[in-house]
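Peer 1: Provided below are the primary sequence and the corresponding predicted coordinates.
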Amino acid sequence: MLLQLVERGKGKWSWYELANALSRRDVPREPDMMTVLKNLSQRGLVKRYVEKESPRDRWELTSKGEVLLK
């Protein structure tokens, strides 16, 4: 579910926007979303970056993550 939301955000959504989108769905709230995002990042499925002009982080799907969703 979280990978699908990262894909939907197209690299423009921060963890806050991802959490907002997730809160509108009927899914378990545990484990913590940030923990899951970090785990997905360690597995090479998503990438986190911070824009210079914005304090928010952004999350995007990697090519490995795209393959997993298909």
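Peer 2: Yep, it's here.
Peer 1: Leu61 contacts Leu2, correct?
Peer 2: No. The criterion here is CB atoms under 8 Å, and Leu61 misses it with Leu2 at 10.5 Å. C-beta: built from backbone N, CA, C; applies to glycine.
Peer 1: these two: which is more packed in?
Peer 2: More crowded of Leu61 and Leu2, by other CB atoms under 10 Å: Leu61, with 23 against 19.
Peer 1: now do the phi/psi pair for the more buried one.
Peer 2: Per-residue torsions, Leu61: phi -80, psi 140 (degrees, to the nearest 10).
Peer 1: again, but for Asp32
Peer 2: Dihedral angles for Asp32 - degrees, to the nearest 10 - are phi -60, psi 130.
Peer 1: average pLDDT across stretch 16-31?
Peer 2: Throughout stretch 16-31, pLDDT has a mean value of 77.
Peer 1: tell me the buried residues in that stretch?
Peer 2: Neighbour-count burial for stretch 16-31, counted by 16 or more other CB atoms under 10 Å, picks out 17-19, 21-22.
Peer 1: other residues contacting the least confident helix or strand in the chain by mean pLDDT?
Peer 2: For the chain, using mean pLDDT, DSSP states H and E, the weakest element among its helices and strands is helix 15-23, scoring a mean of 85. Contacts to helix 15-23, defined as CB atoms under 8 Å, 6 or more residues apart in numbering, come from residues 1-2, 5-6, 8-9, 13, 33-34, 37, 56-57, 59.
Peer 1: if I look at the residue sitting furthest away from the middle of the chain, how far off is Lys38?
Peer 2: Distance to the chain centre peaks in the chain at Glu53, reaching 20.1 Å (criterion: CA atoms, centre = their mean). The gap separating Glu53 from Lys38 is 24 Å, by CB to CB, to the nearest Å.
Peer 1: one more: Ser14?
Peer 2: In this view, Ser14 and Lys38 are 14 Å apart by CB to CB.
Peer 1: which of those two has more neighbours?
Peer 2: Ser14 (18 against 13).
Peer 1: show me the contacts for the more buried one.
Peer 2: By CB under 8 Å, 6+ apart, the neighbours of Ser14 are 56-59.
Peer 1: and the helices in the protein, which stretches?
Peer 2: Ranges of helices in the chain, per DSSP state H, are 2-9, 15-23, 33-42, 63-69.
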